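Asker: Below: sequence and its predicted model.
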Amino acid sequence: MNPRNRIAIAALALLAPFASLRAQGSDPKPETRQDQPAGQGQPTKVEKLSEWPALKDTDKDRVLGLVGQFRKADPELHAAATKQLITIGEAAMPLLFQQVSDNPNNVNTQLFALFDTLLEPKHAALMARESKKQKVALRRYLVQRLCRFLDSDMLPVLASAAKDKDPETAFFAALGGLALKQKDHLPAVLAYSKNHWREVAPICAEVLPNARSNEAGSWVFEAIAKAPSADQMVGLRLARYLAVKEHTIILRGYLQAADGSVKKEAVNAMRVMHGEAPMENLSVFQAIEMAKEWLNKA
């Protein structure tokens, strides 16, 4: 067995009691997410709406007319329409959802920017209802927003959406599940991230720290302990946001990897765990030198 893997497996055995205690609620001090200031807690539960507010009959044609402004080339018209639609508010959402299109000639970009403003965690149940619609673009948008809400009430919705025929929608659902500490979603997140890291890195950095713990970090290291270098790289990318400082003993093995790409990802995992930004464009030489520095610090 590769020496690095022996170190990783031994370290995981050492960490197992910590995960067990946390799962049983024996840890008297809840862990502070390492990517956020001390004292900032987990997402607060909110009361969810069961129905959308009624849209006035006089506003229906107005909403459609304002959406029509998005089809014009003038950005000022877009901004003015957005402002008025925000004033009309959440009551317009059912009608606005109908304007999302899978056709190439669409105004989805403008609509989704508007949705980003109008939709809040209190709308999660209503969004979940809409996320089952046929339009791929609408499902994809809604599932990635639900992923960002970090709402455990949405776990059944995310589990269902993780089977979506659209790979991107399925990824957002799996990512949301993993961010809520559901281990069974890890393989799907690893697989999709392997080929789409540049696109998904921002949302991974946003939501995965919600699951940062001995337990979730250990899932990743278990998954990649005997994997090829390419799979270890993607696992280390997720470990940036899931691992805790107790995993340093495992990361030391990856900092000494013969593969420069694995070494680079181990360096970035250490950087993020210690409050520094990742450096995606590290050269092999830089990775070697920074790995030495982290080995001396760790």
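Answerer: Done, it's in.
Asker: what secondary structure does the closest residue to R271 other than its chain neighbours sit in?
Answerer: Leaving aside its sequence neighbours, R271 sits nearest to P278 (CB to CB, 6 or more residues apart in numbering; 5.8 Å). From N, CA and C alone the C-beta is placed, and that goes for glycine too. When classified by DSSP: H, G, I helix; E, B strand; the rest coil, P278 comes out as coil.
Asker: Now do the contacts for P278.
Answerer: 240, 268, 271-272 (CB atoms under 8 Å, 6 or more residues apart in numbering).
Asker: how about 10 Å then?
Answerer: If a contact means CB atoms under 10 Å, 6 or more residues apart in numbering, then P278 has 201, 205, 237, 240-241, 264-265, 267-272 as its contacts.
Asker: So it versus A269, what's the distance?
Answerer: To A269, P278 is 8 Å away according to CB to CB, to the nearest Å.
Asker: what sits in contact with each of these two?
Answerer: 237, 240-241.
Asker: Helices - which of those land there?
Answerer: Cross-referencing the shared contacts of P278 and A269 against helices under DSSP state H gives 237, 240-241.
Asker: ok, the residues you listed vs D116, which is closest?
Answerer: Nearest to D116 among those: Y241, at 22.2 Å, using CB to CB.
Asker: Contacts only, for the closest one.
Answerer: By CB under 10 Å, 6+ apart, the neighbours of Y241 are 33-35, 178-179, 201, 204-212, 216-217, 220, 269, 272-273, 278.
Asker: One more: G177?
Answerer: 147, 154-155, 157-159, 161-162, 183-186, 188-189, 211 are the contacts of G177 under CB under 10 Å, 6+ apart.
Asker: Who are the contact partners of Q286?
Answerer: Q286 neighbours (CB under 10 Å, 6+ apart): 260, 264, 267, 279.
Asker: Grab the nearest non-local neighbour of the first one.
Answerer: Excluding the flanking residues, the one nearest G260 by CB to CB, 6+ apart is V284, at 4.2 Å.
Asker: cool, and the third one?
Answerer: On the basis of CB to CB, 6+ apart, the spatially nearest residue to V267 that is not a chain neighbour turns out to be M290, at 4.7 Å.
Asker: in stretch 234-253, what's buried?
Answerer: Within stretch 234-253, the residues that qualify as buried are 234-244, 247-253, counting by 16 or more other CB atoms under 10 Å.
Asker: So what would you say the end-to-end distance of that stretch is?
Answerer: 16 Å (CA to CA, to the nearest Å).
Asker: try stretch 61-78
Answerer: Counting by CA to CA, you get 17 Å between the two ends of stretch 61-78.
Asker: Let me see the mean pLDDT of it.
Answerer: For stretch 61-78, mean pLDDT is 95.
Asker: chain center to it: distance?
Answerer: 32 Å (CA atoms, centre = their mean, to the nearest Å).
Asker: same thing with stretch 144-154?
Answerer: Going by CA atoms, centre = their mean, where stretch 144-154 is centred and where its chain is centred differ by 10 Å.
Asker: Flag every buried residue along it.
Answerer: Buried, per 16+ other CB under 10 Å, within stretch 144-154: 144-151, 154.
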